[in-house]
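[1] Next input, structure requested:
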Amino acid sequence: MKFSWHSSFLGQWICQVGLCASIFALGLIGVDRMHLSLVFGLVVCGSMCWILCWRMGKFSIKIILMYAILFRLSLLGLPPSLSDDAYRYVWDGLIQHEGVNPYKFTPEEVPLEDIQQDLTFERLNSKTFISVYPPFSQLIFRAGTTWHEPDGFLSYYLVKGGLILAELIAVFMLARLVSAGFVLLYAWNPVVILETAGQAHTESLLLLVLISVIYLARNQQGRWASVFLAIGGCVKLFPFLFFPYLWRRCGWNAVWPGAVTAIVLALPFAAPYVFGNVSGSLDLYARFFEFNSGLYYSLKAVMQGLTGEDWSKQLGPFLRLIFLCSLPVLYLLDRVQRWSFAQAMLITTGCYLLLTTTVHPWYLLVPLFLTAGIQAYGWHWIWLGMWSAATYLLYVGGPYWTFVIIGWAGWGIIGMLQYAPKWLQSLMRARACKKFKKIQPFFPHDSSAKAVLDLGCAEGYVGEYIQKELGASVLLADIVFMNQTDLPYVRLKQERLPWPSNHFDVVLLYCVLHHSKDTELLLREALRVCRGRVIVVESVYTTSFQRVLLKMVDQLANRLRSFGKMNTQEEYLYFRTSKQWRKLFLANNANILAEFKSDTIPFTTAGFVLQPGPIPEKSTTAYVRGGNAASP
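    All right, here's what the predicted structure looks like:
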């Protein structure tokens, strides 16, 4: 018997052991920043074992959840060694117990000398910035510092314990909504485990809120969904951007409870200075903070190369403006595309992370969680998350820029490979809708167009619209298989068309004839099998420059849309003027009933409605080359 590694028990066992060893070692090694290189090595090793576990094993949901708990418990004891955000959590909680609003003073300005002697103050980051953590997070910080011990870590571990518990509940809720494999892809991810259980970030709490919103929205409990979404906005500010998505799905009655919730949570901190102080800090963060931001760094390098000046202070606000301007577009696309609520949140979060100036590894927890929530394989986010863990090497003078480039370059490449085909099909479907609208007036208005042949159908989207809008029986046919629909399809060979004469009411040739090896033979065959009318649409030119440009664009577009399947047909490309097409039709006994055209600068599309005339005595081989070619 041939040994099969990927399905063997031994292979699964080795991968599980490797993952467990990597995670448990992180709990021992991650206590000191001097071991950051080893930490990243363990993340990479653990990530490889984790992906292989997902690929090889079919684990039950109970086993997945059990390991998820054990992995997080193994990192529970880690101090805030990789990120010092936790010291800010404790600081904000401590000053609240002293009656100080965390939005009033910077840590350096707080008039409490005793607290400033605490170890927490010494290890704070951004001491000159006012806290930007929203109200619900502040309440969590206050609760976690109730039993604070000076110069100790009790408050940190209390806050951390609460955040880990929230994230684990989110994992259990995720398990009720998606299949076991997607739970594993999130819950066993070493980067996720390191950032949630290892370093304790408020994103852990946000995940619980978001999965609750998804669950409630799916069950049409819009009011409760808005309450939880408001809580999410009071944990991290950006979930407030998701309210228009909820409004579209559940209406105004499901939004006002969230507004009330946000006001109630903000009341304990309300003061005239809050808005100005917080917005000022946020603006400073956008202008001066930069970390692991692919697009921002790229633009910064380009502008510095062109002008010789540092554009950091201008690019941050500019990208923020771009993001804000993109929001109405995203809301409109959600209405048109009918995204799921989780998908809408994921796309918005992705745009935010692409356009922000700072992308810490824990920022990626949200897209990693939401991709699992919509049961999608977010390999580009997984890749970016793994390499973002290496950006901690900046703290010890490591090769930070190398990993930023690898992470974001891979994110872009993998994302394109993963989503380009889907985006391409969406584009082709939209083009097919426009094509159908051009030819719709020339279909018979009565019920005589019952049988339609889309000859050279390509993806088949035009035929799909004909069936949907006109109720016709549509048959797709082509020699290159690109069909993306459920319509019946015939794969043609370079032979006589396999239908008897007068078989179809309408035959459609949409940007097909210019690909044919023998255009006249194909045209005569189309006329032969049609008892009604043949609709021909072709890209035409008026100048020699247009003809050259038309050929270049046609070749490029069809190579992209067919992923190379249509490359062999390029030698037969032959474009004509409108006059030349008329002459060809008349020479092949076709009566021209109507003509139409549309101009798309710098090209023109000409359409002809033909009716079969006297049928030639002989009709030999017909060649169908390409189909619905992407000529402009």
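[2] Do me a favour and average the pLDDT over stretch 25-44.
    Stretch 25-44 shows a mean pLDDT of 87 in the predicted model.
[3] again with stretch 279-294
    84.
[4] what's the answer for stretch 426-443, then?
    Averaging pLDDT along stretch 426-443 yields 89.
[5] Only the buried residues of it, if you could.
    Residues 428-429, 431-432, 435-436, 438-439, 442-443 are the ones in stretch 426-443 that count as buried (16 or more other Cβ atoms under 10 Å). Yep, even glycine has a C-beta here, placed from its N, CA and C like the rest.
[6] Kindly report the same for stretch 87-100.
    The neighbour-count check on stretch 87-100 (16+ other Cβ under 10 Å) flags 87-96, 100 as buried.
[7] quick one: contacts of it?
    Stretch 87-100 is contacted from outside by 80, 102, 105, 107, 110, 112, 115, 118, 120-121, 123-126, 131, 133, 137-138, 140-146, 148, 155-156, 159, 200, 202, using Cβ atoms under 8 Å, 6 or more residues apart in numbering.
[8] now do 6 Å
    Outside stretch 87-100, the residues that touch it by Cβ atoms under 6 Å, 6 or more residues apart in numbering are 102, 110, 112, 115, 120, 123-124, 131, 138, 141-142, 144-145, 155-156, 159.
[9] next one: stretch 158-167
    Identification of contacts with stretch 158-167 by Cβ under 6 Å, 6+ apart yields 72, 89, 144, 196-197, 200, 204-205, 207-208.
[10] what do you get for stretch 533-552?
    In contact with stretch 533-552 (Cβ under 6 Å, 6+ apart) are residues 439, 442, 506-511, 526-527, 573, 575, 577-578, 603-611, 631.
[11] and the end-to-end length of it?
    End-to-end distance of stretch 533-552 (Cα to Cα, to the nearest Å): 31 Å.
[12] do the same with stretch 69-84
    End-to-end span of stretch 69-84 (Cα to Cα): 24 Å.
[13] Next, the buried residues of it.
    Going by neighbour count (16+ other Cβ under 10 Å), the buried part of stretch 69-84 is 71-72, 74-75, 78-83.
[14] one step back: among the contacts of stretch 158-167, name the buried ones.
    For these, buried by 16+ other Cβ under 10 Å: 72, 89, 144, 196-197, 200, 204-205, 207-208.
[15] Between those, which sits nearest residue 279?
    When the buried ones among the contacts of stretch 158-167 are compared for distance to residue 279 (Cβ to Cβ), residue 89 wins out at 21.3 Å.
[16] Can you give me the pLDDT of the closest one?
    So residue 89 comes in at 94 (pLDDT).
[17] Quick check: it is in a strand.
    No - the assignment for residue 89, made by DSSP: H, G, I helix; E, B strand; the rest coil, is helix rather than a strand.
[18] Find the residue ranges of the chain scoring beneath the pLDDT cut-off.
    Residue ranges of the chain with pLDDT under 70: 1-8, 446-449, 494-495, 599-602, 614-632.
[19] pull the longest helix from it.
    The longest helix of the chain (DSSP state H) is helix 400-439.
[20] Mind giving me the packing neighbours of that helix?
    helix 379-388, helix 461-470 (3 or more Cβ pairs under 6 Å, 6 or more residues apart in numbering; DSSP states H and E).
[21] Nearest to residue 348, out of these?
    With Cβ to Cβ as the measure, helix 379-388 is the member of these nearest residue 348 (14.2 Å).
[22] what's the angle between that closest one and helix 400-439?
    170 degrees (axes from the mean of the first three to the mean of the last three Cα atoms, to 10 degrees).
[23] And helix 379-388, what does it pack against?
    Judged by 3+ Cβ pairs under 6 Å, 6+ apart, helix 379-388 is in contact with helix 400-439.
[24] how about the helices in the stretch 201-350 of the chain?
    With DSSP state H, counting those that start in this stretch, the ranges of helices along the stretch 201-350 of the chain come out as 203-218, 222-233, 243-250, 256-266, 274-288, 294-307, 312-337, 341-355.
[25] To residue 404, which of the ones you listed lies closest?
    So among the helices of the stretch 201-350 of the chain, helix 294-307 is nearest, using Cβ to Cβ, at 6.7 Å.
[26] now the angle from the closest one to helix 379-388?
    Using the same axes, to 10 degrees, the direction of helix 294-307 lies 70 degrees away from that of helix 379-388.
[27] quick one: contacts of helix 294-307?
    Applying Cβ under 6 Å, 6+ apart, the contact partners of helix 294-307 are 311, 315, 354, 357, 408.
[28] element containing the closest residue to residue 144 other than its chain neighbours?
    Sequence neighbours aside, residue 159 is the residue nearest to residue 144 in space, at 3.4 Å (criterion: Cβ to Cβ, 6 or more residues apart in numbering). Using DSSP states H and E, residue 159 sits in helix 154-177.
[29] In PDB, please show the C-alpha coordinates belonging to the next helix or strand after that helix.
    Downstream of helix 154-177, the first helix or strand assigned by DSSP H and E is helix 180-187. Extracted C-alpha coordinates of helix 180-187, given in PDB (Å, rounded to 0.1, in the frame of the first residue of the first chain):
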ATOM      1  CA  ALA A 180     -15.500  23.300  12.500                       C
ATOM      2  CA  GLY A 181     -12.800  24.000   9.900                       C
ATOM      3  CA  PHE A 182     -13.300  27.700  10.000                       C
ATOM      4  CA  VAL A 183     -13.300  27.700  13.800                       C
ATOM      5  CA  LEU A 184     -10.000  26.000  13.700                       C
ATOM      6  CA  LEU A 185      -8.600  28.500  11.200                       C
ATOM      7  CA  TYR A 186      -9.200  31.300  13.700                       C
ATOM      8  CA  ALA A 187      -9.000  29.700  17.100                       C
END
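[30] so what does helix 180-187 touch, helix or strand wise?
    Here helix 180-187 touches helix 61-74, helix 154-177, helix 365-373, going by 3+ Cβ pairs under 6 Å, 6+ apart.
[31] Reformat the contacts of helix 294-307 into TSV and put distance to residue 415 next to each item.
    Supplementary listing: the contacts of helix 294-307 in TSV, determined by distance: Cβ to Cβ, whole Å:
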residue	distance to residue 415
311	26
315	22
354	10
357	20
408	10
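[32] Which one of those residues is nearest to residue 583?
    Within the contacts of helix 294-307, the smallest distance to residue 583 is 52.9 Å, found for residue 354 (Cβ to Cβ).
[33] show me what contacts the closest one?
    The neighbours of residue 354, taking Cβ under 6 Å, 6+ apart as the test, are residue 295.
[34] 8 Å - rerun?
    Taking Cβ under 8 Å, 6+ apart, we find residue 354 in contact with 294-295.
[35] ok, it to residue 328 distance?
    Using Cβ to Cβ, to the nearest Å, one obtains 17 Å as the distance from residue 354 to residue 328.
[36] and what of residue 301?
    30 Å.
[37] With residue 408 instead?
    Distance, residue 408 to residue 328, by Cβ to Cβ: 27 Å.
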